[in-house]
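1. Using only what follows, build the 3D model:
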Amino acid sequence: MSRFEEIIEFAIDQEIKAARRYERLADLVENPRAREMLLRIKTMEEEHRKKLENLDISEFLNYTDKPIPDLHLSDEKDIQSKLKDLTPEDILVMADDFENDARELYLTLADRVPVGSATRDLFLKLAEEEARHKYDIESQLKSGI
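-> Predicted coordinates:
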């Protein structure tokens, strides 16, 4: 497996983890609007996974002039035991951070493939969608959860 294939697998794994995270967070939130938003974002993360699984990585495989950094986004922290003590606002702030990390990942990946390629366009679209998730979460926070 090439490094680029590993990166795509990494991104897919991040989307799977994100969907699971949002499902767990939704189970902790009592506010119906916040819960609905978290479940909607979960569904979007599952759609991102599907897009990545169907990605034609041939453009990626032929473009190797830039080193690929380790973003350490998959470094899972043991937060499960702490989740029960979080307020709905804490949960949304945490979700906001997840979306920002995902957006940064896709922007970094977009910089590693040729301008105008379908692969780059997909990564930029995914980054935009993650930014939209972040906006939705921040809007929920602004409205007082």
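2. which residue is nearest the middle of this protein?
-> In the chain, the centroid-proximal residue (C-alpha atoms, centre = their mean) is A102; its distance is 3.6 Å.
3. Quick check: D56 touching A118?
-> Yes. With contact defined as C-beta atoms under 8 Å, D56 and A118 form a contacting pair (6.8 Å). C-beta coordinates here come from the backbone N, C-alpha and C atoms, glycine included.
4. Centre of the chain to the helix or strand hosting D27, how far?
-> Element membership of D27 [criterion: DSSP states H and E] is helix 3-28. Counting by C-alpha atoms, centre = their mean, to the nearest Å, helix 3-28 is centred 7 Å from the centre of its parent chain.
5. pull the helix or strand with minimum mean pLDDT from the protein.
-> Across the helices and strands of the chain, mean pLDDT, DSSP states H and E gives its lowest value to helix 80-83, namely a mean of 60.
6. Going by neighbour count, list what's buried in the helix or strand following that one.
-> Along the chain past helix 80-83, the next helix or strand (assigned with DSSP H and E) turns out to be helix 88-110. Neighbour-count burial for helix 88-110, with 16 or more other C-beta atoms under 10 Å as criterion, is recorded at 88, 91-92, 94-96, 98-99, 102-103, 105-110.
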